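Novice: sequence first, predicted coordinates after that:
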Amino acid sequence: MRVYAAIAWRTFRRYSTYRAATAAGVFTNTVFGFIMAFTYIALWRARPSLGGYDVNDAVTYVWLGQSLGMVGALWGGGFREELADRIRTGDIAVDLYRPVDLQAWWLAADLGRAAFHLLGRGIGPTLVGAFAFTLTIPGDLATWLAFLLAVFLGALVCFSLNYLFTLVGFWLMDARGVHQLAGVLAMFFSGMLLPLNVFPGWLGDLARALPWSSALQIPADIFLGKRQGASLVSALAFQAGWALVLWLAGRALTLLATRKVVVQGG
Amino acid sequence: MADALRAYGWIVAMWVRSTMVYRASFAMLTVGQFVVTGFDFVAIFIMFVHTDRLGGFDLPEVAFLYATSGVAMGTADLLIGSIERLGRRIRDGSLDVMLIRPVPTFVQAAADDFALRRLGRIIQSALVFGWAMVAVDVHWTWDRIVLLPVMLVSGTVIFASIFVLGAAFQFAATDAAEVANAFTYGGNFLTQYPPTIFAKGLLRAATFGVPLAFVNWLPALHILGHPDPLGLPKAFQFASPLAALALALVAALAWRAGLRSYRSTGS
C-alpha cells in the first residue's frame, strides 16, 4: 500500500511543478466558463426552471464543469497518452515485471494527478465565477463532504474508462483514434456541453444511466442540493457500482492484453 | 514566397503519407473530429428543443453563426494549427534543427505534423453551413452574397493570426501553450452563439481587443438583418478584411520578435 501512496504523491508533485501550465489552464477554463455561463443564462431566461435548475443553478453547473473537467481527464491530459506510448514502444514490458500491479500503479498515479488538478485547476475557475455571477453554494458541511466523495468516485470511474480505452492500444498499436472517440463520448455524456437533465426523452435516460454521468452530472447535482437522503445514497451507489464494474473489466482486459505481450515477445 | 509555399507543400505531403500508414487510426481520428465538432451542434440543437429563440436568433440563424465560425476555425487549424506545438519543440530543443534548415522556420512550424484529419471539422461545419443556407430566412441582395466569402476568408485569417500569436507567446512562456486555446477554441465557441446573449464588456473586448467579432458576428448582423447590440457604425459590418489584415500584421511582428528573442535550450 505504501508504494501506491508514494506513486500518488510523486505524480501530484510532478504536476505541481508546471506552474505556468497550471495558470494557463485556469485562465482557459475561466474564459470558457464565462462564455458558457452567458449561453446558459440565455437559455434559462427563455425557459426558467428548465431541468429542475434555476438560472443560478445552471451557472453554477457551468463553473463546476470547468473545475471538474480536468479531474477526470476524460478528454486527454491524464495518464492515458503516457500509457499508450509505453504500449506502442514496448516499454510496457518493463512495467509488467515490476513487483506492483499494473492497473493499481496507474490508478495511484492518476489519483495523484486528479488531486492536483482538483486543487490547482479546480478551485480557481469556480472562485472567479463566484465573483462574477451569483452561484448556488452549499451551506452545510454534509453536502460538501458528499460532493467530495462523489468527485472521488467520479475520478475512479474516469480512470477505469481511460484505462480500458488505452488497453485497446495493445491490439491497435496506435490508440489516438480510440482516445479521440473516447473523448467525444465523455464530453457529451458527462454533461460537459449541457446538463444531462436537459437532454430530451430516451437520450436523457440513456445519458443518465451511462458511467460518464459520474464525472460531472452527479457531483454537480449533489453540490446543488438536488440529491438528498435516499436519492443521495442511490447516486453514490450508482457511481460506486460503475467504478467496481469498470475496474473488474480493466482486470480482465489486462489479463488478455498481458498474454498478447508474451506472444509478441516470442 | 513561391519557395516557401513549395516547401510547405512538401512537408505537408510528407506528413500525409506518414499518416496513411495507420489507416484505421486516421479514419477514426477524422470521424472523431467530425463527431467532436458535431456534438457541439447537437448541444445547440438540444437547447432549441426547449426554446424557439436564443438572444433573438432562431435555430437556422444560430446554425449560420456556428457554421461560419466552424469553417473559418477549421481551415485555419488545418493550414497552420500545428504551430501550437512550438512550446514542445522549444522544450526538447528540436526547434534548433528547424532554424538551420534552408526553409523559413515559420513554414516548418506551420506544416509540422500536418493533420489531414482536421478535415473532419471542416466537413461537419460545411454540412451545417449548407443546411443553414437553405433554412435561413434571408433576402439575398448582392452585397450580402459578396459579404459571405469575404467573411469566411477574413475569419480564417483572424483565427490563423491568433494561432501565430499564441505560438509567438510560447517563446516567452514555454509552458503556457494552453493560454492560446482560450482565444482559438474559445473564440470559435464564442462566435457560434449570437452576440446578443453576451455582456457588453465582453462584446467590446471581442471587437476592439481580440477582433473575434469580425470573424462572423458583424458581417452576419448585416446578412441576417439583425440590429447591432453595441450600436456601432454600419461600416464595422463590412470591415472584416481590414481587421483580419491588421491582426495578421500584429501576428507577423510578434512572431519575428519571438523568434529573435529565442535562446536555445542547448548549451
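Specialist: Done, it's in. Residues are numbered from 1 along each chain as shown, chains lettered A, B, ... in the order given.

Novice: list, one by one, the residues from the stretch 101-250 of chain B near chain A.
Specialist: Taking CB under 8 Å from any CB of the partner chain as the test, the list of the stretch 101-250 of chain B residues beside chain A reads B:173-179, B:181-183, B:186, B:189-190, B:193-194, B:197-199, B:202. C-beta here means a position set from N, CA and C on the backbone, and glycine is covered the same way.

Novice: what ranges does the stretch 151-266 of chain A have for its strands?
Specialist: For the stretch 151-266 of chain A, none of the segments meets the definition of strands by DSSP state E, counting those that start in this stretch.

Novice: how about it: which residue is closest to chain B?
Specialist: Of all residues in the stretch 151-266 of chain A, A:Gly177 sits closest to chain B, at 2.9 Å by CB to the nearest CB.

Novice: where do the helices of chain B begin and end?
Specialist: Per DSSP state H, chain B carries helices over the ranges B:2-19, B:23-50, B:59-80, B:86-92, B:95-100, B:105-111, B:119-135, B:142-172, B:178-190, B:200-204, B:217-224, B:240-261.

Novice: just give the nearest non-adjacent residue to A:Ala42, would you?
Specialist: With sequence-adjacent residues excluded and distances taken as CB to CB, 6 or more residues apart in numbering or on different chains, A:Ala42 is closest to B:Ile197, at 3.8 Å.

Novice: who's in contact with the one you found?
Specialist: Contacts of B:Ile197 were listed using CB atoms under 8 Å, 6 or more residues apart in numbering or on different chains, and they are A:38-39, A:41-42, B:54-55.

Novice: show me what the helix or strand of chain A with the lowest mean pLDDT packs onto, helices and strands only.
Specialist: Averaged element by element with mean pLDDT, DSSP states H and E, chain A has its least confident helix or strand at helix A:169-172 (a mean of 80). Under the contact criterion of 3 or more CB pairs under 8 Å, 6 or more residues apart in numbering or on different chains; DSSP states H and E, the helices and strands touching helix A:169-172 comprise helix A:80-89, helix A:230-265.

Novice: buried sites along it?
Specialist: Of the residues in helix A:169-172, those scored as buried under the neighbour-count criterion (16 or more other CB atoms under 10 Å in any protein chain shown) are A:169-170, A:172.

Novice: which one of the helices and strands packed on helix A:169-172 has the poorest average confidence?
Specialist: Of all the helices and strands packed on helix A:169-172, the minimum mean pLDDT falls on helix A:80-89 (a mean of 86).

Novice: after that helix, which helix or strand is next?
Specialist: Scanning forward in sequence from helix A:80-89 by DSSP states H and E, the next helix or strand is helix A:92-96.

Novice: got the contact list for that next one?
Specialist: With CB under 8 Å, 6+ apart as the test, helix A:92-96 has contacts from A:83, A:86, A:102, A:105, A:258, A:261, A:265.

Novice: which two among these are spaced furthest apart?
Specialist: Comparing all pairs in the contacts of helix A:92-96 by CB to CB, the longest separation belongs to A:Trp105 and A:Gly265, at 19.9 Å.

Novice: measure stretch A:125-143 end to end?
Specialist: Between the start and the finish of stretch A:125-143 there is a gap of 20 Å, counting by CA to CA, to the nearest Å.
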